[in-house]
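Q: sequence-free structure coming up:
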């Protein structure tokens, strides 16, 4: 199965000049969703993961599935004021602006083995902010997992030597 067949390009979204990679066709197909899930967890065989951190909102779709498959807890990372308990936050630059992410202060325990999942690695700002949150709470990042990487935006450069896996590369 070719996952690229399930990624739709939307030009000028969310603003002019941005080429958006839409995963809705992937989510609509149970077969493609399952194939993508198996691809994302294949690199984690025999690796203990305590928590899967999913980034709002498209990182939630596969993040929860991955957590279930790995018998791990799921931790949502959200935009400001969306989580009901006490949070920590990190701000970041993205390809079309600036934003902030938050995580509950008790979501990661010191020494937890953490997989970070999001739909796309673009400029790396979002992923770097999530790494800061996980590491601030004492988590050990085992891998960063993405459905796709937009390699031409050089996001890996912001993430240092952390292990990165992407099911697709553009």
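A: Sure, I can see it. The shown structure was predicted, so the numbers you read here are calculated from the model rather than taken from an experiment. Numbers count the residues shown, from 1 in each chain.
Q: Who is the closest residue to residue 107 other than its chain neighbours paired with across the strands?
A: For residue 107, ignoring the flanking residues on the chain, the nearest one in space by C-beta to C-beta, 6 or more residues apart in numbering is residue 75 at 4.3 Å. In short, each C-beta sits where N, CA and C put it, glycine included. Here residue 75 sits in beta bridges with residue 53, as judged by DSSP bridges.
Q: Could you check the pLDDT of the residue nearest the centre of the chain?
A: Centrality entry for the chain: nearest residue to the mean C-alpha point is residue 118, 1.6 Å, by C-alpha atoms, centre = their mean. We have a pLDDT of 98 for residue 118.
Q: other SSEs contacting the lowest-mean-pLDDT helix or strand in the chain?
A: Lowest by mean pLDDT, DSSP states H and E among the helices and strands of the chain is strand 87-94, with a mean of 88. On a contact count with 3 or more C-beta pairs under 8 Å, 6 or more residues apart in numbering; DSSP states H and E, strand 87-94 meets strand 97-104, helix 125-136.
Q: Would you confirm that the residue nearest to the centre of the chain belongs to a helix?
A: No - counting by DSSP: H, G, I helix; E, B strand; the rest coil, residue 118 is not part of a helix but strand.
Q: ranges for the strands of this protein?
A: Remark: strands assigned in the chain by DSSP state E are 8-11, 19-22, 51-55, 73-77, 87-94, 97-104, 113-121, 140-149, 164-169.
Q: Pull out the buried residues from the third one.
A: Neighbour counts using 16 or more other C-beta atoms under 10 Å place 51, 52, 53, 54, 55 of strand 51-55 among the buried residues.
Q: List just the nearest of those residues to residue 140.
A: When the buried residues of strand 51-55 are ranked by distance to residue 140 (C-beta to C-beta), residue 51 comes first, at 10.2 Å.
Q: Contacts only, for the closest one.
A: 67, 72, 73, 74, 75, 107, 108, 112, 113, 114, 115, 139 (C-beta atoms under 8 Å, 6 or more residues apart in numbering).
Q: low-scoring stretches of the chain, by residue?
A: Filtered on pLDDT under 70, the chain yields the residue ranges 94-97.
Q: Tell me, how many residues neighbour the residue nearest to residue 128 when sequence neighbours are not counted?
A: In space, and not counting its chain neighbours, residue 128 is closest to residue 158: 4.7 Å by C-beta to C-beta, 6+ apart. Counted by other C-beta atoms under 10 Å, the residues lying close to residue 158 total 18.
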